[in-house]
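Asker: sequence? don't have it. structure:
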């Protein structure tokens, strides 16, 4: 029997409103911090399938979320395409060499990096109750490309944006390579047990409308269509963070089954500008969950009221902050479940 989350992703609004949180498996949990210290680092944890499955399961055991999101990272794809990947303490990921000219062809492919992640999905799914949905994910091609070109994250994704304007053919070639690797990676996740997948376009908001059409909508549409063709019945959640007024176009043109909404969007505006039966996921501000109190309660009620008439998965507008108190998460679930 499909769980409430999967039913909503398929377009059926259930009496129980499902909930999961982006980055729900992570640093705000003491059990995660303990296991990461034992393994010695983030990437070591990701590629240890048994440990990564344990991390994926930790928030399910503690909170009983309706979805288990694979513990991994969006930069596994560039690692598989041949860039070196490591994490600097306190500074985030690094990729080398930076592809400032978009020339990815000389990289030595390392697709074996996918295998331990697929194994994580398999091990996790085997331990989940049937009513908990196993969620896989990738970083969408534009967002992944910003890291591959710049060699690290940036505030404005300037290196990738400049390359996309300066040499669109080279940038298209890179996008195509990411897209093909991402599809292979996602199909492997699905075959290992993922029942739905999310496309994280974390830097979608940095593009002009025409660039948004080419580098966000078009590749995500091709990925969604390919998943629907190759693995019918697997819902695809699209999450174009920062899309703003371009969100309705994304909803119409990508063919995703459900729309993830970030915290900068007014739920009432979203509800009135996208198809009335389209499943929506979101969109509590992670900083409000961190702050807690009466404003948290009020916003939970407002979001639920706005999306009452359609399939809705309660979630944050982005990842949970590492300093979020566990009692605040418990309060959120109490408000949602009564």
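Answerer: That came through, no problem. Keep in mind the model is a prediction, meaning the values are calculated, not measured.
Asker: C-alpha only now, for contacts and for neighbours.
Answerer: Fine.
Asker: flag the shaky bits of this structure, pLDDT-wise.
Answerer: Judged by pLDDT under 70, the chain has its weakly predicted residues at 1.
Asker: try 80 this time
Answerer: Under the criterion pLDDT under 80, the flagged ranges of the chain are 1-2, 89-91.
Asker: what's in contact with the longest helix seen in it?
Answerer: Using DSSP state H to assign secondary structure, the helix with the most residues in the chain is helix 168-192. Residues from elsewhere that reach helix 168-192, judged by Cα atoms under 8 Å, 6 or more residues apart in numbering: 77-78, 81, 101-104, 114, 117-119, 121-122, 136-138, 140-142, 144-145, 163-164, 196-197, 215, 219, 223, 226-227, 231.
Asker: now do stretch 14-26
Answerer: For stretch 14-26, the external contacting residues (Cα under 8 Å, 6+ apart) are 4-5, 7-8, 32-33, 55-59, 65-69, 71, 311-316, 318-320, 322, 336-337.
Asker: and the angle from the helix or strand where residue 146 lies to helix 168-192?
Answerer: Using DSSP states H and E, residue 146 maps to helix 141-150. Between helix 141-150 and helix 168-192, the angle comes out at 120 degrees (axes from the mean of the first three to the mean of the last three Cα atoms, to 10 degrees).
Asker: numbering from 48 from now on, please.
Answerer: With 48 as the first residue, the last one maps to helix 188-197.
Asker: just list what the very next helix or strand once past helix 188-197 packs against, helices and strands only.
Answerer: Using DSSP H and E, the helix or strand that directly follows helix 188-197 along the chain is helix 205-213. If contacts are counted by 3 or more Cα pairs under 8 Å, 6 or more residues apart in numbering; DSSP states H and E, helix 205-213 sits against helix 188-197, helix 215-239.
Asker: right, so those: which one is the most enclosed?
Answerer: Here the criterion is mean neighbour count by mean count of other Cα atoms under 10 Å, and of these the winner is helix 188-197, at a mean of 26.
Asker: packing partners of it?
Answerer: Taking 3+ Cα pairs under 8 Å, 6+ apart as the contact cut, helix 188-197 packs with helix 123-128, strand 139-143, helix 205-213, helix 215-239, strand 243-248.
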